[in-house]
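Enquirer: The following block contains a protein sequence and its predicted model.
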Amino acid sequence: HSASSASSAPRPLPRQPPARPPEALAKMRSEIKTLAEARQHCSADLRTAKEELEALRRELAAISADNAQLRSGLHSVMVALDEVQRQL
């Protein structure tokens, strides 16, 4: 029975933030807009950096593959030179 009397008691109103003067609201909106623009700029820079990183990774992979081919070719040349030297 005490639960029904507690539920009939008036609930406190939600606490409202203090009213701000229009100049303060305009300043806050301006700051939010500036921060949003900066975030967009940073996002664009991050996308560009990611694309550059991916391009560098592809370039590194290609250079590594070329390096492996050059080492293999150099080894073949060295073996052939050894053989020629032995025949002399």
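Expert: In hand now; what should we look at? Because the structure is predicted, anything quoted here is derived from the model rather than measured. Numbering: from 1, shown residues only.
Enquirer: How far away from the center of its chain is the helix or strand hosting residue 64?
Expert: Mapping residue 64 onto the secondary structure by DSSP states H and E places it in helix 22-87. Here the centre of helix 22-87 is set off from its chain's centre by 13 Å, with Cα atoms, centre = their mean, to the nearest Å.
Enquirer: Check stretch 14-34 too.
Expert: Here stretch 14-34 is found 31 Å from its chain centre; the criterion is Cα atoms, centre = their mean.
Enquirer: Nearest the middle, which residue of the chain would you pick?
Expert: Note on the chain: the residue nearest the mean C-alpha position is residue 46, at 5.7 Å, using Cα atoms, centre = their mean.
Enquirer: measure that one to residue 14 for me?
Expert: Note on residue 46: its distance to residue 14, by Cβ to Cβ, to the nearest Å, is 39 Å. Quick note: C-beta positions are derived from backbone N, CA and C, even for glycine.
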